[in-house]
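Enquirer: Next one to model:
(2 chains)
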Amino acid sequence: MHVCRRQILGAGFGGLFALAWRRKLDAFFSIGKSHSKRCIVLWMSGGPSQLETFDPKPGTRNGGECRAIPTAVPGTHIAETLPEVARHLDKLSIIRNLTSKEGDHDRGHYYLHTGFTPVPSFPRPTLGSVVSKHVEDSDIPRFVTLGGSSIGPAFMGPDHAPFAISDPEQARFLLEEVRRRRNRLALLNQLGDVSPVKSETAMVARRNAMFQRIERLVGTRFVDALDIERESDSVRQKYGEDDFGRRCLLARRLIESGVHFVEVELGGWDTHADNFRSVKELCGPLDRAWSALMEDLSSSGLLEETMVVWMGEFGRTPNINGQNGRDHFPDVTPVVVGGGGIQGGRVIGQTSADGSSIEGPSYRVADLFATLLHPFGVSPDAEFRTDFDSPTSATDDGKVIKDLL
Amino acid sequence: MISRISILGLSLMAAWVGCALLHASEIAERIDAILSREYEQRGIEPSPLCSDEVFLRRATIDLAGRIPTLNEIEQFRRDPNRAEKIQELVKSNQFASTFADSWTSVFLGPTREYGIDREAFRVWIYQCLRENMPYNEIAKLMIAGRGQASLDGNVNFLVRYQDEPAVRVSRLFLGVRLDCARCHDHPFDRWTQEHFEQISKFYRGLRVRDLLGEDREVFDDLAETRRVHPSELPVFFTGAKPRTAIWRDEFAYFTTRSRPFARVFVNRLWHQLVGRGIVDPPDDFHSENQPSSRELLEFLTDAAIDAKFDIRKMVVAICGSKAYQRSSVSHPVSLDAVRLFAVGTRKPLTPEQSIDSYAVALGVPVDRQYRQAFLRQVTESDSSDASGSWQYNETVQALMNRITTPLIVTKGSLDEVFLRALTRLPTEQERTICKGKPLEDIAFALVHSNEFFFRP
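Expert: The predicted model follows:
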């Protein structure tokens, strides 16, 4: 919270200091081109088990029945549940030493979406909204969520709210309905031009701009991108004909159409009971769709500018409970990240042999967010303005994880 | 010397007593007198009063939560008595209903949150407003409520902000943003981290527990507050300490009797009705955000205290003033003129006001389920933190949902469609444009126009 302290100092120096501040802000926005332009987050709702995915402990009591398999990176092993993803591990890095402090679903969801612990009176923007704010504007929505509930834009403003799609058909229908109203919208414009009650406030201007944006949107590639029926049967099968497979395919199409940030949800990871069977079932579609996504992104070259992140609310207890399940374990929160200027093929940190603790250095959630924002040209201590025009920083004193760059 | 002081004392007394007897219309007159002096001093030319049509639309939206019906337009045309219209509107249940909608957003935030019974809270406020419960009593029940979230709607406020009730209470009821003081002293004001800790202490005994069926209960752990050493007791700003173990009850009592509480109350009402606070934003009172007219704020504060926080009386007074009834203008005006309410302010319809206004404009009733679905769609992604501000925060997706919401148009002439939707007849130019166009298209264009969407 050193930023806040600086603010008190600033009050004393008054206008001059504020000016310097603005400069700093401007300088930050003019940072040169960076690697990442896009990002796909695969959100594992419920909190994924690290032991049956990216940090297996075969042959130990905590490891359970899951075996480890080799990957594209010599010496790096992951769980046998993800054989296809294993082949793409040269493009992805595993963070095994990330520790969180939020073991509740809602709080963990918030923490891993914003990089800050929740404070009800101080809503923070989700990662997608921050990215949306820092990429070039376009007629296409910059931030889209596919399933699940994301967090809002907070002080990034309503223009950076997610375009939330739970059912692509419904979204297409919505756009089609807007398109069908073209004549009506034209009449609305025509009457607006001659209205005897005119006012040129900023609010009216914003609303007019929104109407124009909508009219442009229905003519963009975004509309076609929503239609995965346009893909061949073999491609659709490659991703899987299940919800998550369809969403990942849609994510790829949206990214290709110009969307900058897509969050895809896969729910069901809250495996308090029957962990091993559940995780295995979840990993089938995950493995299929994620590897297809990696394959397509790398063959099209988009992976170079598209960051792919796999994460959830928290990890799960190494200790297996009485119901053959695993409970919430924020101490070790697994994250996998690659593409878009993030170094692939690395394993960051390690846990103890029984998985119960992190050995050696560990990273905080704020450090993860500093790292995820870095390729978008947002420095960890970049200053944002809240709705009340009070300054706050981009991360909670996060440090970029240098090994990932 | 002594006699001069006593004369001064007497005249102050007289002013006090005089104030106590003020009728709503007299309060309105005093508001206008104060503002006239401000205009004179600053050389501001206030805009004229708005037309009867605009007044009717403005007051009906603000006080009934929807645009006026054809019947109401006709009635008011025959008898354009503004004072009587205001009286009629505040007496209706729709007044309680629309204020309950607005205040639910102010006190619980704009979006639907899990874990609270928003509807129970809304119904509770609605009933308070119907009974015309004084505002300080309403506030007390929020600051120190206890009970079950589904039955005692008021406690949802504390359920919502159980982590840091002090921050919300100070902001909503005292206009103090302790948010910053959470981790450091307030940069511009006298609020220190210690104040924050002191106020937070009052809630130390507060407990929320889960009940069956997603219900919650708010109660106190008195063992917690009883065993505290006297030196550890929370301290009121006056230096006094609580005398019982139920600290937050005493805190509620002290808070609602303080002058800042009354100031924030009148300022919030003013902001809600006129469209801009005397202190603006309305929940940010601090030394560098002074009221645009201190005299007006202090006068209204006195009036509210004397009226024993009678919400309806204060609403009638504010709406009866010229400040409320000025016409809005399209040309740019000085910031001073805006800050002193010399021109009318246009503000966006709230989601509730807009769906209820569509119903009036199109002459079709809206059922509850449909209304809820609409509200969900247009507020889903609103995560703004500016409680009850008059900003336009709609997202692209929400606007798309809004304009594709199926709206049925009943038959009618062009004049009728205009009158229903905009409370006025079409101009010649508009007639020409609309010639030959399907009625549905015209109705669509009108209900989604800026003229419709922004309260005049």
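Enquirer: In the stretch 1-150 of chain A, mark out all the helices, start to finish.
Expert: Using DSSP state H, counting those that start in this stretch, the helices of the stretch 1-150 of chain A run over A:2-13, A:15-29, A:83-86, A:105-114, A:127-133.
Enquirer: Could you tell me which ranges of the stretch 51-200 of chain B sit under the pLDDT cut-off?
Expert: The model of the stretch 51-200 of chain B has pLDDT under 70 over residues B:111-114, B:179-192.
Enquirer: give me that answer again for 90
Expert: The stretch 51-200 of chain B contains residues with pLDDT under 90 at B:105, B:108-116, B:161-168, B:170-171, B:174-200.
Enquirer: the strands in it, which residues?
Expert: B:147-148 (DSSP state E, counting those that start in this stretch).
Enquirer: Same check on the stretch 201-350 of chain A?
Expert: Counting by DSSP E, counting those that start in this stretch, the strands of the stretch 201-350 of chain A are A:261-267, A:306-312, A:315-316, A:328-329, A:335-338, A:347-348, A:350-351.
Enquirer: can you tell which of these is closest to B:Phe157?
Expert: strand A:328-329 (28.9 Å; C-beta to C-beta). C-beta: built from backbone N, CA, C; applies to glycine.
Enquirer: List the buried residues of the longest helix along chain A.
Expert: Counting by DSSP state H, the longest helix found in chain A is helix A:275-300. With burial defined by 16 or more other C-beta atoms under 10 Å in any protein chain shown, the residues of helix A:275-300 counted as buried are A:275-276, A:278-279, A:282-283, A:285-298.
Enquirer: could you check the angle strand A:306-312 makes with that helix?
Expert: Relative orientation of helix A:275-300 versus strand A:306-312 (axes from the mean of the first three to the mean of the last three C-alpha atoms, to 10 degrees): 170 degrees.
Enquirer: B:His195 contacts B:Leu178, correct?
Expert: Yes: counting by C-beta atoms under 8 Å, B:His195 touches B:Leu178, with 7.0 Å between them.
Enquirer: re the thing from before, in JSON lines, list the strands of the stretch 201-350 of chain A along with distance to B:Gln353 and mean pLDDT.
Expert: Listed next are those as JSON lines, based on distance: least, C-beta to C-beta, whole Å; pLDDT from 0 to 100:
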{"stretch": "strand A:261-267", "distance to B:Gln353": "32", "mean pLDDT": "97"}
{"stretch": "strand A:306-312", "distance to B:Gln353": "40", "mean pLDDT": "98"}
{"stretch": "strand A:315-316", "distance to B:Gln353": "46", "mean pLDDT": "98"}
{"stretch": "strand A:328-329", "distance to B:Gln353": "43", "mean pLDDT": "98"}
{"stretch": "strand A:335-338", "distance to B:Gln353": "44", "mean pLDDT": "98"}
{"stretch": "strand A:347-348", "distance to B:Gln353": "52", "mean pLDDT": "97"}
{"stretch": "strand A:350-351", "distance to B:Gln353": "55", "mean pLDDT": "96"}
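Enquirer: Comparing those strands, which comes out most buried?
Expert: Greatest average neighbour count among the strands of the stretch 201-350 of chain A goes to strand A:315-316 (a mean of 31), per mean count of other C-beta atoms under 10 Å in any protein chain shown.
Enquirer: I'd like to know which elements it is packed against.
Expert: The contact analysis (3 or more C-beta pairs under 8 Å, 6 or more residues apart in numbering or on different chains; DSSP states H and E) places strand A:315-316 against strand A:328-329.
Enquirer: just to revisit the earlier point, the strands of the stretch 201-350 of chain A: which one's closest to B:Pro438?
Expert: strand A:261-267 (38.9 Å).
Enquirer: Now do the same for the residue of the stretch 151-300 of chain A found nearest chain B: helix, strand or coil?
Expert: Closest residue of the stretch 151-300 of chain A to chain B, C-beta to the nearest C-beta: A:Gly152 (2.5 Å). Assigned with DSSP: H, G, I helix; E, B strand; the rest coil, A:Gly152 falls in the coil class.
Enquirer: Setting aside sequence neighbours, what's the nearest residue to the residue most central in space within chain B?
Expert: Residue closest to the mean C-alpha point of chain B, counted by C-alpha atoms, centre = their mean, is B:Gln272 at 3.9 Å. Excluding the flanking residues, the one nearest B:Gln272 by C-beta to C-beta, 6 or more residues apart in numbering or on different chains is B:Ser102, at 6.3 Å.
Enquirer: how far away is that neighbour from B:Ser170?
Expert: 21 Å (C-beta to C-beta, to the nearest Å).
Enquirer: between B:His195 and B:Leu178, which one's more packed in?
Expert: B:Leu178 (24 against 20; other C-beta atoms under 10 Å in any protein chain shown).
Enquirer: from memory the more buried one sits against B:Ile199, does it?
Expert: Yes: with contact defined as C-beta under 8 Å, B:Leu178 reaches B:Ile199; the gap is 6.8 Å.
Enquirer: returning to what we had before: comparing B:Ser102 and B:Ser170, which residue is more hemmed in?
Expert: The residue with more neighbours, out of B:Ser102 and B:Ser170, is B:Ser170; 26 against 19, by other C-beta under 10 Å.
Enquirer: what residues are up against the more buried one?
Expert: B:176-178, B:199 (C-beta atoms under 8 Å, 6 or more residues apart in numbering or on different chains).
Enquirer: Out of the residues you listed, which comes closest to chain A?
Expert: Distances from chain A to those, taken as C-beta to the nearest C-beta, are shortest for B:Arg177 (6.8 Å).
Enquirer: And the strands in the stretch 251-400 of chain B, which stretches?
Expert: All strands of the stretch 251-400 of chain B, identified by DSSP E, counting those that start in this stretch, fall at B:347-348.
Enquirer: burial of B:Arg257, as a residue count?
Expert: Neighbour tally, B:Arg257, other C-beta under 10 Å: 12.
Enquirer: Phi, psi for B:Glu430 please.
Expert: phi -70, psi -40 (degrees, to the nearest 10).
Enquirer: Show the contacting residues for it.
Expert: A:191, A:194, B:418.
Enquirer: cool, A:Asn183 as well?
Expert: B:Asp441.
Enquirer: Over to B:Gln41?
Expert: Shown in contact with B:Gln41 (C-beta under 8 Å, 6+ apart): no residues.
Enquirer: Can you classify it by secondary structure?
Expert: From three-state DSSP, the assignment for B:Gln41 is helix.
Enquirer: A:Ser166 and A:Gly147 touch, don't they?
Expert: Yes: A:Ser166 is within contact range of A:Gly147, at 5.7 Å (criterion: C-beta under 8 Å).
Enquirer: What distance do you get for the residue lying closest to B:Ser334 once chain neighbours are set aside to chain A?
Expert: With sequence-adjacent residues excluded and distances taken as C-beta to C-beta, 6+ apart, B:Ser334 is closest to B:Ile44, at 7.2 Å. In this view, B:Ile44 and chain A are 19 Å apart by C-beta to the nearest C-beta, to the nearest Å.
Enquirer: What's the local residue count around B:Ile44?
Expert: Neighbours of B:Ile44 under the rule other C-beta under 10 Å: 19.
Enquirer: Any idea how many residues pack against B:Asp117?
Expert: Quick note: B:Asp117 (other C-beta under 10 Å) scores 21 neighbours.
Enquirer: list the contacts for it?
Expert: Contacts of B:Asp117 by C-beta under 8 Å, 6+ apart are B:149-150, B:153, B:156, B:215.
Enquirer: again with B:Ala223
Expert: Taking C-beta under 8 Å, 6+ apart as the definition, B:Ala223 has no contacts.
Enquirer: check contacts around the closest residue to B:Leu141 other than its chain neighbours.
Expert: Take B:Leu141 and drop its neighbours on the chain: the residue closest to it by C-beta to C-beta, 6+ apart is B:Asn154, 4.4 Å away. By C-beta under 8 Å, 6+ apart, the residues touching B:Asn154 are B:121, B:124, B:141-142, B:145, B:147.
Enquirer: For B:Asn154, give its distance to chain A.
Expert: According to C-beta to the nearest C-beta, B:Asn154 and chain A sit 18 Å apart.
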